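J.: I need the structure of the sequence given here:
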Amino acid sequence: MNKSNIIIQIIKFGFVGAINTIIDLGILNILMFVTGVTGGILYSVFKAVSFIVAVTNSYFMNKRWTFGIKAKETSKEFSQFFLISIGGFIINVGAASVVVNLIPNFLNVSPQLWGNVGALVGTFFGLAWNFFGYKFIVFKK
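T.: Numbering: from 1, shown residues only. Prediction:
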């Protein structure tokens, strides 16, 4: 694969990532709004739920569009995706939970906005892990 193809894949991966971030934050904010919970263990559960929905969308969009894999899903491929995603999950939810539950709200923003800051930090840390894992392990051609 030449350098321009990798750049195109990175751009597509970023676009898919933006869509998944919207899905992730949308679900997280709905759960925080409906329950009024913006911290603690329940925040971590909400972040886990929103992450799982977003990563499921990620599988289909990245497989078909980013990496251009047209073949039918295989159990091996999905298992690899699942394992890479578990690593991304631990990084994403872990970083978000650390920000929200352990780092003082130095921006002095509302608890709900601070929950979003945590979610974005988690997204940032999981991004590189997911791209390289999906590209070189799951969707390699």
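
J.: Remind me what the lengthiest helix in the chain packs against, helices and strands.
T.: Across the chain, the longest stretch assigned as helix under DSSP state H is helix 3-35. When contacts are defined as 3 or more C-beta pairs under 8 Å, 6 or more residues apart in numbering; DSSP states H and E, helix 3-35 packs onto helix 40-61, helix 111-133. C-betas here are computed from N, CA, C, even on glycine.

J.: List the buried residues of that helix.
T.: For helix 3-35, the neighbour count (16 or more other C-beta atoms under 10 Å) marks 9, 12-13, 16-17, 20-21, 23-25, 27-29, 31-32 as buried.

J.: Now for the residue nearest to L31 when sequence neighbours are not counted: which residues touch it?
T.: Nearest non-adjacent residue to L31, counting by C-beta to C-beta, 6 or more residues apart in numbering: F46, 4.1 Å away. Neighbour list for F46: I27, L28, L31, M32, T35, V37 [criterion: C-beta atoms under 8 Å, 6 or more residues apart in numbering].

J.: Can you tell me which of those residues is closest to K140?
T.: Nearest to K140 among the contacts of F46 is I27, at 30.2 Å by C-beta to C-beta.

J.: nearest spatial neighbour of the closest one, skipping sequence neighbours?
T.: Per C-beta to C-beta, 6+ apart, closest to I27 is S50, 3.8 Å.

J.: Could you do L28 as well?
T.: L28 sits nearest to S50 (C-beta to C-beta, 6+ apart), 4.2 Å away.

J.: How about L113?
T.: In space, L113 is closest to L107, 7.9 Å off (C-beta to C-beta, 6+ apart).

J.: separation between that neighbour and K63?
T.: 37 Å (C-beta to C-beta, to the nearest Å).
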